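*Asks:* Need coordinates for the below:
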Amino acid sequence: MSEEKTWTLKSIAKELGVSNATVSNAFNRPDQLSEKRRNDILASCQKLGYSGPNKAAQSLRKGKFNIVALVLPDSVAYMVTDPVASKFVKGVSSILEKNNVNLLLFSGASENINAVSDFVDGFICYGSPRNTELIEQLRLTRKKVVTADFDIDRKASVGIDNENAAFDIAKLALHSKDDHIAVLGLRLLDTQLTCRVYDTPNLDIHCSIAHQRLIGYKRAINEAGAQLLNDRVWNIPESSHHFALIAVKEALSSNPRPNVLLCMSDLIALTALQEINSMGLLVPEDIRVVGFDGIDEALRSNPPLTTIHQNSEAKGITAAQLFINQATHAEQIPYEITRGKSC
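*Replies:* The predicted model follows:
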């Protein structure tokens, strides 16, 4: 069997006995040819197995690819199963599709955005990447960058006021100066371990929503005249039942047992509710629990969760609009308190 010929614009034009420009116009500028001549050329190209000029080469020449890389803070496999992240991705993709722009999912666990930088129009970065080197690369790239839930001084970002949201939800959970409080944090430390947090690292809070939330919690605790003991803050590396359960069990076995759990995600809070129920304790009578995110499952929990609802889909829509419009400003999405019966 003879090897199938690989056609180029030049070789197909020579084969058909026409100019390079004629073939190019047949594919890209139909108004330059009569309908019959264009159809004849396209039919001949199809018969020979030529599908048109190289799109990658065209994009390189124009410097426009109609592709945006969405940089996720963790692995793609983890992020697409997270209910908050998936809503954000849905919002981004809905706007890009309307503008005929393709979406490339890029893992924040990767080492270098330069692996794709030459083939995309820019980056939308959702949450501070686990690999901190990517943050500096995003600061320095010449491509358009929009950040969500953190700011790297690239002039275009979107998020909510995490500190005030955490303050507001903590105030609902705190009843007196005698409350025993535990904070079930999310990614307060750069580790894959679920563990207590005795000293928080000196991080740029603009790049850490977890630390913004912790500041909000502490402000509410101080205002209530209560205390957050040094060993009552936990780091949970992923918003998942598996990792959260370790911290929940440790917190609930502490002495004195906390009667307030401030949880940095709804998935963590739902894990806490399940464990509290299994211990025969009552929510909110014995332990008050609040979450953060406003996922659908929180409305169906027993009891329904009191939480911060941040509209992640609207956040994704706004991020994509900022990118399409070449915006150079920050936007803040409003949050709402969903009042359940957990506090």
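*Asks:* any low-confidence regions in the stretch 51-200 of the chain?
*Replies:* Within the stretch 51-200 of the chain, the stretches with pLDDT under 70 are 55-64.
*Asks:* What segments of it are helices?
*Replies:* For the stretch 51-200 of the chain, applying DSSP state H, counting those that start in this stretch gives helices covering 55-62, 76-79, 83-98, 114-117, 132-140, 162-173.
*Asks:* Touching the fourth one from outside, list them.
*Replies:* Contact partners of helix 114-117, identified using Cβ atoms under 8 Å, 6 or more residues apart in numbering, comprise 69, 104, 106, 137, 141, 143. Where you see a C-beta, it was placed from the backbone N, CA and C, and this is true even at glycine.
*Asks:* CSV please, covering the helices of the stretch 51-200 of the chain and showing mean neighbour count and distance to A156.
*Replies:* Listed next are the helices of the stretch 51-200 of the chain as CSV, based on neighbours: other Cβ atoms under 10 Å; distance: least, Cβ to Cβ, whole Å:
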stretch, mean neighbour count, distance to A156
helix 55-62, 12, 23
helix 76-79, 16, 21
helix 83-98, 19, 14
helix 114-117, 13, 17
helix 132-140, 15, 12
helix 162-173, 21, 18
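*Asks:* just to revisit the earlier point, from the contacts of helix 114-117, which two are the most distant?
*Replies:* Farthest pair in the contacts of helix 114-117 (Cβ to Cβ) is L104 and Q137. Separation: 15.9 Å.
*Asks:* if we can go back for a sec, tell me which of the helices of the stretch 51-200 of the chain lies nearest to L9.
*Replies:* Using Cβ to Cβ, these put helix 55-62 closest to L9, at 9.3 Å.
*Asks:* Can you give me the domain boundaries for this protein?
*Replies:* The domain map for the chain lists 9-53, 64-159, 162-310, with the assignment taken from automatic domain parsing.
*Asks:* Distance to I317 added to these, as TSV?
*Replies:* Below are the domains of the chain laid out as TSV (distance: least, Cβ to Cβ, whole Å):
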stretch	distance to I317
domain 9-53	32
domain 64-159	4
domain 162-310	13
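*Asks:* Ok, which of those comes nearest G316?
*Replies:* Comparing those by Cβ to Cβ, domain 64-159 comes nearest, at 2.5 Å.
*Asks:* Quick one: buried ones out of the contacts of helix 114-117?
*Replies:* Using 16 or more other Cβ atoms under 10 Å as the burial test, the contacts of helix 114-117 include 69, 106, 137 as buried.
*Asks:* Closest to I215 out of those residues?
*Replies:* Using Cβ to Cβ, Q137 is the member of the buried ones among the contacts of helix 114-117 that sits closest to I215, with 27.3 Å.
*Asks:* Was I right to think the closest one contacts N112?
*Replies:* Yes - contact criterion Cβ atoms under 8 Å: Q137 and N112 qualify, at 6.8 Å.
*Asks:* Now for A319: which residues touch it?
*Replies:* For A319, the contacting residues are 88, 91-92, 124, 126, 146, 148, 158, by Cβ under 8 Å, 6+ apart.
*Asks:* circling back to that earlier point, closest one to L16 among the helices of the stretch 51-200 of the chain?
*Replies:* From those, taking Cβ to Cβ, the stretch that ends up closest is helix 55-62, at 20.0 Å.
*Asks:* Just give me the residue closest to the centre of the chain.
*Replies:* For the chain, the residue nearest the mean C-alpha position is Y126 (3.4 Å; Cα atoms, centre = their mean).
*Asks:* For that one, name its beta-bridge partners.
*Replies:* Beta-bridge partners for Y126, by DSSP bridges, are A148.
*Asks:* State the distance from it to I160.
*Replies:* 13 Å (Cβ to Cβ, to the nearest Å).
*Asks:* which neighbours do the two share?
*Replies:* Between them, Y126 and I160 share no contacting residue, judged by Cβ under 8 Å, 6+ apart.
*Asks:* Where do the strands of the stretch 101-250 of the chain begin and end?
*Replies:* For the stretch 101-250 of the chain, applying DSSP state E, counting those that start in this stretch gives strands covering 102-106, 122-126, 144-148, 157-159, 181-186, 195-196, 233-236.
*Asks:* Does anything pack onto the last one? Which helices or strands?
*Replies:* Pointing back at strand 233-236 there. strand 181-186, strand 195-196, helix 241-252 (3 or more Cβ pairs under 8 Å, 6 or more residues apart in numbering; DSSP states H and E).
*Asks:* among these, which is nearest N25?
*Replies:* Here strand 181-186 is closest among the helices and strands packed on strand 233-236 (Cβ to Cβ), at 55.8 Å.
*Asks:* and which of the contacts of helix 114-117 is nearest to H211?
*Replies:* Closest to H211, out of all of those and judged by Cβ to Cβ, is Q137, at 21.8 Å.
*Asks:* what about that closest one, distance to F27?
*Replies:* 36 Å.
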